[in-house]
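Student: this is the structure alone, sequence omitted:
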């Protein structure tokens, strides 16, 4: 009987945050994700011995974990978290406020009431460390230092008695508590790599690798390849062509894995799924047996588009092309290739976090079976490859997504027609291979390289790399061996993909400045290591500006007309604003549909506006706006409403406003029961609802009447917008948490300090 083989590959990656000259870590994400995700992801498989998976550990991540375990990592973030609160300098306190709240506000900060309380205090100061500092006392800082670390501990670690005791304590932490949390980190970090090695030796997992510092290999081989997948693409003024560096990066990755785990990897996830004929030839020459990339690269190479129907299925011919293993044979180069199911992978990465775990696991299993059915009907085995980041998505799931994973793995293990196998196991068991003789080069982001090359910032960074590489070639022969070694290592680091991920218009984060400065520091170190002064231009930012602000509070009453047709800037001036982060790490490949949302009140109404990222989507979708009113002393909302809108062919077909738990709507497009209610869709989606429906009335600070005091004051409103397709939540703003509006008089609102 034909079977369905599911290949799940978790890509574990962090950029190289360490400055080799100073030894300092510019950002703490290796340590924090190693505490939170990497150990538990593989340890969980002990409960499901028949569920085999592939873990792709990027070498730059491995070397940094080793640095922490050895105790030689100089991490200023850990230093500030460990320092007694009474000894924190003003700079330390501002540093702590800037960085120790960089965690998911719902599932990490919100999990710990005291941490959430401190975060709300920080936000009330406009997310400004300078303004917030005066509102934090030493005990506040100690609690922040402890909880900001516990929030990143793996679910397995949280169950240990000492840590569980600290969580139960909740607040009022002592210096001894702080020391305990810091001391445990190194011990916990030391378990990560051995857990992977042990699981690999027991056959539960396969460990694959990537090039050493995660470069885009096709672009290292030749930046002109960017215009092959995107004809007419603007390219850097100087052509960077160093296939020897690409080979060195891949060779070092293979060697490091053999050194650390005692076995040479058979497979490679090339950075960002980036492949080309030249890259496959290099991999073959180094003994690599398989590589993986995205379905878009296969589609572009074969001149087809993998378009799914309303139930998510591919036509039989397209399914037969995608759900198999391909043999690449081009001259002397041979390689087994797996192609990622983009849709199924993105469901885990971006959708299922918004669904109940059991429902999400059942949905994925059904979609796997639906996808494979066409091949099973032909009497052929189906190989479905699900490949995504193995760390970032779990911040958006409750409790790091462990309930979802357990339910999924249990379903995979129990289904007799499904085998969860490693990439190499799938290749060994497969019979009907597809065949490829050439590739259109591309990555797992839109089957091209446009994220990393073409924008003015991207091209400038490639040009700076070009000049540094040429300087090394000209100067290294006259330098000492130690100088050459350090300079070349810094070059290899600067060739990594992550720097250009944050340049250009596509992605922004709170750490844009850090990434920019760190990239230019690595390039500067090339010159300094060789005894030269770095060029002046490396002292200037490459990025044109900081990342987009994610949130701005309401500062004045608004009275916009609700038409949806034209953005009238001045009518929405003063509204609270939340803009999509469009960042990623984890967010590789996410298609953003929503760009920004605006919300505000006046004396009688609450208003909302949603701006789409581009045009209104052509396919049918639903918009949901959740609204809640809250009183300061209450533990649940006073009133919760839901606005549902159905859009077909870019036209608003129907809408209704309901109170939570009620079947009959308060108003709808058919009833038109309230003259003040307006809902519109044009270029944007806009609405207006009465505040009275939310039992909400703006309160003046001077209103101390007995009547006002007799009813608990509603202090704020919360709103959240989401877009649904085919019954699934595919985008939301905010992505986590809510937009909050203070229910104040206009005078008090305008007097607030932000």
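Tutor: It's in. Treat the numbers as computed from the prediction; the structure is a model and nothing was measured. Residues are numbered from 1 along each chain as shown.
Student: let me see the contact set for residue 670.
Tutor: Contact analysis of residue 670 by Cβ atoms under 8 Å, 6 or more residues apart in numbering lists residue 654. C-betas here are computed from N, CA, C, even on glycine.
Student: helix/strand/coil for it?
Tutor: When classified by DSSP: H, G, I helix; E, B strand; the rest coil, residue 670 comes out as coil.
Student: per-residue pLDDT, it?
Tutor: For residue 670, the pLDDT comes out at 90.
Student: please tell me how far it sits from residue 641.
Tutor: Distance check for residue 670 against residue 641: by Cβ to Cβ, to the nearest Å, it reads 18 Å.
Student: ditto for residue 224
Tutor: 55 Å.
Student: check residue 460 too.
Tutor: Applying Cβ to Cβ to residue 460 and residue 641 gives a distance of 49 Å.
Student: end to end, how far does stretch 426-440 reach?
Tutor: Separation of the first and last residues of stretch 426-440 by Cα to Cα, to the nearest Å is 25 Å.
Student: flag every buried residue along it.
Tutor: Within stretch 426-440, the residues scored as buried using 16 or more other Cβ atoms under 10 Å are 426-427, 430, 434, 436, 439-440.
Student: was I right to think residue 283 contacts residue 268?
Tutor: Yes: using Cβ atoms under 8 Å, residue 283 makes contact with residue 268 at a distance of 6.1 Å.
Student: list residues touching both of these two?
Tutor: By Cβ under 8 Å, 6+ apart, residue 283 and residue 268 have these common neighbours: 250, 291.
Student: if we can go back for a sec, looking at residue 460 and residue 641, which one has more neighbours?
Tutor: Neighbour count, other Cβ atoms under 10 Å: between residue 460 and residue 641, residue 641 has more, with 23 against 17.
Student: what lines up beside whichever strand or helix holds the more buried one in the sheet?
Tutor: Residue 641 belongs to strand 639-648 when assigned by DSSP states H and E. Sheet pairing for strand 639-648, assigned by DSSP bridges, gives strand 621-631 (antiparallel), strand 651-659 (antiparallel).
Student: now do stretch 137-144, average pLDDT.
Tutor: 98.
Student: what does it contact?
Tutor: Taking Cβ under 8 Å, 6+ apart as the rule, stretch 137-144 contacts 84-86, 88, 93, 96-97, 100, 114-115, 118, 121, 136, 171-175, 177-178.
Student: select only the buried ones of these in ChimeraX?
Tutor: Selection command for ChimeraX covering only the buried members of those, criterion 16+ other Cβ under 10 Å:
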select :85,88,93,96,97,100,114,115,118,136,171,173,177,178
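Student: which intervals of the stretch 451-600 of the chain have sub-threshold pLDDT?
Tutor: Low-confidence segments of the stretch 451-600 of the chain (pLDDT under 70): 508, 545-550, 566-569, 581-591.
Student: ok, 80 please
Tutor: Applying pLDDT under 80 to the stretch 451-600 of the chain flags the ranges 504-511, 544-551, 565-570, 581-592.
Student: ranges for the helices of it?
Tutor: Remark: helices assigned in the stretch 451-600 of the chain by DSSP state H, counting those that start in this stretch are 456-475, 481-494, 498-502, 512-529.
Student: can you pull the domain assignment for the protein?
Tutor: According to automatic domain parsing, the chain comprises the domains 1-224+242-447, 456-539, 551-751.
Student: and those domains as TSV, adding distance to residue 231?
Tutor: Formatted as TSV, these follow (distance: least, Cβ to Cβ, whole Å):
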stretch	distance to residue 231
domain 1-224+242-447	11
domain 456-539	17
domain 551-751	22
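Student: deepest-packed of the helices of the stretch 451-600 of the chain, please.
Tutor: Ranked by mean neighbour count under mean count of other Cβ atoms under 10 Å, the helices of the stretch 451-600 of the chain are led by helix 498-502, which reaches a mean of 25.
Student: for that one, what is the distance to the chain centroid?
Tutor: Relative to its parent chain, helix 498-502 has a centroid offset of 14 Å by Cα atoms, centre = their mean, to the nearest Å.
Student: and residue 440, that's in a strand?
Tutor: No: counting by three-state DSSP, residue 440 is not found in a strand; it is coil.
Student: list the residue ranges of the stretch 651-754 of the chain that fall below the pLDDT cut-off.
Tutor: Checking the stretch 651-754 of the chain against pLDDT under 80 turns up 661, 699-714, 726-730, 735-737, 750-754.
Student: at 70 what do you get?
Tutor: In the stretch 651-754 of the chain, residues with pLDDT under 70: 701-714, 753-754.
Student: now the strands for it?
Tutor: 651-659, 667-668, 678-681, 684-690, 714-725, 728-733, 739-742 (DSSP state E, counting those that start in this stretch).
Student: any idea of the angle the fourth one forms with strand 621-631?
Tutor: Spelled out, it's strand 684-690. Angle between the axes of strand 684-690 and strand 621-631 is 40 degrees (criterion: axes from the mean of the first three to the mean of the last three Cα atoms, to 10 degrees).
Student: show me what strand 684-690 is packed up against.
Tutor: If contacts are counted by 3 or more Cβ pairs under 8 Å, 6 or more residues apart in numbering; DSSP states H and E, strand 684-690 sits against strand 605-612, strand 621-631, strand 639-648, strand 678-681.
Student: among those, which is nearest residue 274?
Tutor: Residue 274 lies closest, by Cβ to Cβ, to one member of those: strand 605-612, at 29.5 Å.
Student: what lines up beside that closest one in the sheet?
Tutor: Strand 605-612 has these strand partners (DSSP bridges): strand 594-601 (antiparallel), strand 684-690 (antiparallel).
Student: and the angle for that strand with strand 714-725?
Tutor: Between strand 605-612 and strand 714-725, the angle comes out at 30 degrees (the same axes, to 10 degrees).
Student: among the strands paired with strand 639-648, which is nearest residue 552?
Tutor: Per Cβ to Cβ, nearest to residue 552 of these: strand 621-631, 19.1 Å.
Student: starting at the chain centroid, how far to that closest one?
Tutor: Per Cα atoms, centre = their mean, the displacement of strand 621-631 from the mean C-alpha position of its chain is 24 Å.
Student: ok, now stretch 181-199?
Tutor: Averaging C-alpha positions (Cα atoms, centre = their mean) puts stretch 181-199 23 Å from its chain's average.
Student: contacting residues for the closest residue to residue 206 other than its chain neighbours?
Tutor: Setting aside the residues directly before and after it, residue 206 is nearest to residue 422 in space (Cβ to Cβ, 6 or more residues apart in numbering), at 3.7 Å. By Cβ under 8 Å, 6+ apart, the contact list for residue 422 reads 7, 52-54, 205-206.
Student: hmm, try it at 6 Å
Tutor: Going by Cβ atoms under 6 Å, 6 or more residues apart in numbering, residue 422 touches 52, 54, 206.
Student: look up phi and psi at it.
Tutor: Note on residue 422: backbone dihedrals following degrees, to the nearest 10 are phi -80, psi 170.
Student: how far away is it from residue 679?
Tutor: For residue 422 relative to residue 679 (Cβ to Cβ), the value is 51 Å.
Student: kind regards, and thank you for your time.
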